[in-house]
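The amino acid sequence is not available; the structure is as follows:
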């Protein structure tokens, strides 16, 4: 599983990255988590409001920071 956090580095983007990494560790997943900060790369996903969470190249959340529970549900489905 490949997970990307899209965002230029704002506080919400950093929070989403932190929560996502914690959930991945808690699940014992071998997913890779990366941060995409380049605005052109972010726009290529059709995202205009950050932060956004991308799982296996599909945007699953954008414009808000979800709870750890919500991220866990997304990653386990």
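Yes, it's here. No experiment lies behind these values; they were computed from the predicted model shown. Numbers count the residues shown, from 1 in each chain.

Helices along the protein, start to end?
11-27, 39-44, 68-76 (DSSP state H).

From residue 43, how far out is the nearest residue to residue 27 once chain neighbours are set aside?
Once flanking residues are discounted, residue 27 sits nearest to residue 75: 6.4 Å by CB to CB, 6 or more residues apart in numbering. Where C-beta positions appear, they are placed from N, C-alpha and C, glycine not excepted. The gap separating residue 75 from residue 43 is 25 Å, by CB to CB, to the nearest Å.

and the two? which has more neighbours close in?
When residue 75 is set against residue 43 and neighbours are counted by other CB atoms under 10 Å, the residue ahead is residue 75, at 19 against 11.

Would you enumerate the residues in contact with that one?
1, 3, 23, 24, 27, 29, 31, 55 (CB atoms under 8 Å, 6 or more residues apart in numbering).

Greatest separation within the residues you listed: which pair is it?
Spanning the widest gap among the contacts of residue 75 are 27 and 55, at 12.8 Å by CB to CB.

Looking at these two, which is more packed in?
Shown here are residue 27 and residue 55; by other CB under 10 Å, residue 55 has more neighbours (18 against 13).

wait, that one sits on residue 20?
No - checked against CB atoms under 8 Å, the pair residue 55 and residue 20 is beyond contact range at 9.7 Å.

tell me the contacts of the residue most central in space within the chain?
In the chain, the residue lying closest to the centroid (CA atoms, centre = their mean) is residue 53, at 2.8 Å. Taking CB under 8 Å, 6+ apart as the criterion, residue 53 is in contact with 3-6, 16, 20, 59-62, 66, 71, 74.

got it, and residue 1?
Counting by CB under 8 Å, 6+ apart, residue 1 has contacts 29, 30, 31, 32, 55, 56, 75.
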